[in-house]
Structures are given as C-alpha cells and as structure tokens.
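Asker: compute the structure for the input listed below.
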Amino acid sequence: MPDLYPLARRVLFALDAENAHHVTLAMMRVADATGLLGCLTGSSRASDPVGSAVELMGLKFPNRVGLAAGLDKTGSAVHAFGEIGFGHIEIGTVTPRPQPGNDKPRLFRLKEHEAIINRMGFNNPGIEGMLVNLSHSRKDFSGVLGINIGKNAVTPAEEAISDYLLCLEGVYGAADYITANLSSPNTKGLRDLQNADTCRELIRRLQEKREEVKPDHGGKHVPIVIKIAPDLSDEAIGALAGVFSETRIDGVITTNTTISREAVAGHAMEKEPGGLSGAPLTKASTAVLARLRAELDSAIPIIGSGGVMTAEDARAKFDAGAALVQVYTGLVYRGPRLVKEIAALGV
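Answerer: Residues are numbered from 1 along each chain as shown. Predicted coordinates:
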C-alpha cells in the first residue's frame, strides 16, 4: 500500500496550521465513517494492531504507542485515530467549562526544525461537550482511552485543584485513565502546580475524589497520571519523584512542550510565545525521562512523550525507561506510518 501522507502533507502545509488541523480531523472522521481510513493511510487497524500487548496500571494496552493529548482536544475522532493503529489515545486537555482558548494565530510550524509552537490555551468544549463527542466518536475503539484534564483560565490559582476535582468526577465514567496536566505553558500559573508541596496536595485530593466516586461507577478504578514539563531542574525532578513515589501515583508522562528556544535560536518565529514541540524537544524530553526513571519508584510506569519523530526516538525513550510512548508532532511531520514503525519495534 503506497503511503499517501507525503502528498496530503503538501496540501495541508499550504494551509494555516490551525486550519490544517481542523481539516485533518474532519477528513479523518469522514474517511473513518466510509471505511476508507486504513486504505488512505496505509496503516494497520487498532483492531488488528502491530506490536505486542502490555499490561500497565491495571490496563491492557494493545501496543506501546499512543496519541498524545492536544491533537484530539475535543474527543471527536477517537475511533478514527484508533484505526491508524494507536494502542491508546489521550484526548483533551478538557476543563470544567468550555473555553475558546487564546487569541489567534496560536499555532505555528517551524518546518526547518520539524517543530511546532502552540499557545492554544486549552480551547475545548468543556466536560459536557466532550462527553457528547465521545458518545459519537468512540464507537468500538478497542484500545485504552486517556482523558487529560486541566483548569479553566479564569479559575484563580488558589482554586485550581477544585477544577481538577470537577474534571475527574465528570469524566471518570468515560476514562480508562486520567491525566492531570500540570505542565502546559499556555495557562497562567499552571506550571506552579509542579511545586512538590502543591503537587502532593493535588494528587492526594484526586485520589480521595476517586475513592468518593468509585461506588457511582460500579467500583471501577481509574488510574491517575501526572504530566510534567521538560524545563524542570534536576532538583525539581528529584523532589517530584519523591512525591510520586510517596503518593503511589499510577503513572507519569514526560514531557509536555518546552518554553526554551535554544534549539531554534535565530528562527523567525523564535520569539513567538507558547510551547515548542517536535524534533528540538527530543533530547531534552528524553533526558528528563531518564532522570525521573532513576529517581522514581520502579513500580511506577513512565510514558515517554515529547519529540518522538522516528522509531529511533521512541527506542531511545524505551531505553531510558519508558513503558509506553506518545506522539503528536511526529505524526504531523511523518504521518500514520510512524505509528506502525514504533509499534513494530518489538519492545
């Protein structure tokens, strides 16, 4: 089957980045509904995945490669992404109430660097809207569904935890696991939640809320995962590792986007605010993963995200201690074939 993505990418890259994002999702939904998605992408179906299944956090993942949060923010294309071979899909970030996000333009390609800068600002339909979308888009998706949660921009920092609790309660029934996003650089004050003491309180409160809502969902246990930034100092990573081990968090995702511009210095878009993803993030993100793995209780799995542009990048994250990997920008630049290549690594 020929790979048609390079041709599609030329067309999509001729569009504004955010418009191309919406066009891509719309095309995927149409192709999925008509049964053409597998043919168009040349990729394996999630129902017949490449790679070996693995059990983590009490969940069975069909393979070790997943879609990172941020690409399907609204939960409107879950089955479609499953059809191109992802073993797990993380949707969101979702906030308690709908919000439009930051002003446009807010998404930029740095093609020379195979990178993206985004300052989207958690644009999403809110919990209720996402659940409606999921009722249509999940269909018979057989992989693992993660839901990434955050706080509304208008919620004061001192009340942030209440937003996470509202989200956990709201999405609990639909999620296989829930990720608390503490690391987006595009919501003011959000990264302050990575302070060890604040993070400890957030985790404890989320765990308490989980026990509170379990009876309403037949005793279902939903793992809680924390997503951290790549810009943390070694001291901060060590402190968080202690918190994660102490609280017995179910998993950690390393990492979100970076605010550093060192790797793209001199580019015309270097000064654009937002998080940088893609190839410039690869080494830094993997270094954080390795550092955390060395400090963290070995029973707590790490999901490697950030700069997974090739199967070799994924292999480096597995070698550094990742149990799973996630892709986003790599999918934009390389297309669905990347999913199959990573899943086939035989890790």
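Asker: what packs against the strand or helix carrying Asn133?
Answerer: Taking DSSP states H and E as the definition, Asn133 sits inside helix 126-137. With contacts defined as 3 or more C-beta pairs under 8 Å, 6 or more residues apart in numbering; DSSP states H and E, the packing partners of helix 126-137 are helix 78-82, strand 88-94, helix 160-171. Heads up, the C-betas are built off the backbone N, CA and C, glycines and all.
Asker: what about this structure, any weak spots by pLDDT?
Answerer: Low-confidence regions of the chain, defined by pLDDT under 70, span residues 1-2, 38-50.
Asker: and the helices in the stretch 1-150 of the chain, which stretches?
Answerer: With helices called from DSSP state H, counting those that start in this stretch, the stretch 1-150 of the chain shows them at 5-12, 17-33, 37-41, 78-82, 126-137.
Asker: so which of those is the most surrounded?
Answerer: Of all those, helix 78-82 has the most neighbours on average by mean count of other C-beta atoms under 10 Å, namely a mean of 25.
Asker: residues in contact with the helix holding Asn133?
Answerer: Contacts with helix 126-137, where a contact means C-beta atoms under 8 Å, 6 or more residues apart in numbering, come from 29, 74-80, 91-92, 94-99, 124-125, 147, 166-167, 170-171, 174.
Asker: okay if I get the helices of the stretch 1-150 of the chain as JSON lines plus distance to Thr282?
Answerer: Formatted as JSON lines, the helices of the stretch 1-150 of the chain follow (distance: least, C-beta to C-beta, whole Å):
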{"stretch": "helix 5-12", "distance to Thr282": "20"}
{"stretch": "helix 17-33", "distance to Thr282": "20"}
{"stretch": "helix 37-41", "distance to Thr282": "24"}
{"stretch": "helix 78-82", "distance to Thr282": "22"}
{"stretch": "helix 126-137", "distance to Thr282": "30"}
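Asker: if we compare those helices, which one ends up closest to Thr258?
Answerer: In terms of C-beta to C-beta, the element of these nearest to Thr258 is helix 17-33, at 18.1 Å.
Asker: helix, strand, or coil at Gly238?
Answerer: Under DSSP: H, G, I helix; E, B strand; the rest coil, Gly238 falls in the helix class.
Asker: and the residue nearest to it when sequence neighbours are not counted, what does it touch?
Answerer: Excluding the flanking residues, the one nearest Gly238 by C-beta to C-beta, 6 or more residues apart in numbering is Glu295, at 5.2 Å. If you count contacts by C-beta under 8 Å, 6+ apart, Glu295 has them with Ile237, Gly238, Ala241, Gly242.
Asker: OK, contacts around the third one?
Answerer: Contacts were defined as C-beta under 8 Å, 6+ apart; by that measure Ala241 touches Leu292, Glu295, Leu296.
Asker: same thing with the last one?
Answerer: With contacts defined as C-beta under 8 Å, 6+ apart, Gly242 is in contact with Ala196, Glu295.
Asker: circling back: list buried residues within the contacts of helix 126-137.
Answerer: Using 16 or more other C-beta atoms under 10 Å as the burial test, the contacts of helix 126-137 include 29, 74-80, 91-92, 94-97, 99, 124-125, 147, 166-167, 170-171, 174 as buried.
Asker: re the thing from before, which of the contacts of Ala241 fall within helices?
Answerer: Using DSSP state H, the subset of the contacts of Ala241 located in helices is Leu292, Glu295.
Asker: neighbours around the spatially closest residue to Asp234 that is not a sequence neighbour, how many?
Answerer: What sits nearest to Asp234 in space, not counting adjacent residues and going by C-beta to C-beta, 6+ apart, is Arg291, at 6.2 Å. When neighbours are counted by other C-beta atoms under 10 Å, Arg291 registers 19.
Asker: equivalent analysis for Ala268, please.
Answerer: The number of residues packed near Ala268 is 10, by other C-beta under 10 Å.
Asker: and it, helix, strand or coil?
Answerer: coil.
Asker: quick one: it from Lys111, how far?
Answerer: 11 Å (C-beta to C-beta, to the nearest Å).
Asker: for stretch 277-285, measure first residue to last.
Answerer: Stretch 277-285 has an end-to-end distance of 10 Å (C-alpha to C-alpha, to the nearest Å).
Asker: check the offset of that stretch from the chain's centre.
Answerer: 15 Å (C-alpha atoms, centre = their mean, to the nearest Å).
Asker: in that stretch, which residues are buried?
Answerer: Ser277, Gly278, Ala279, Pro280, Leu281, Thr282, Ala284, Ser285.
Asker: looking at the residues you listed, which are in strands?
Answerer: Ser277, Gly278 (DSSP state E).
Asker: quick one, strands of the stretch 101-250 of the chain?
Answerer: Under the criterion DSSP state E, counting those that start in this stretch, the stretch 101-250 of the chain carries strands at the ranges 107-110, 115-118, 144-149, 177-181, 224-228.
Asker: could you dump these to JSON lines with distance to Ala53?
Answerer: Output for those, formatted as JSON lines (distance: least, C-beta to C-beta, whole Å):
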{"stretch": "strand 107-110", "distance to Ala53": "34"}
{"stretch": "strand 115-118", "distance to Ala53": "31"}
{"stretch": "strand 144-149", "distance to Ala53": "10"}
{"stretch": "strand 177-181", "distance to Ala53": "16"}
{"stretch": "strand 224-228", "distance to Ala53": "19"}
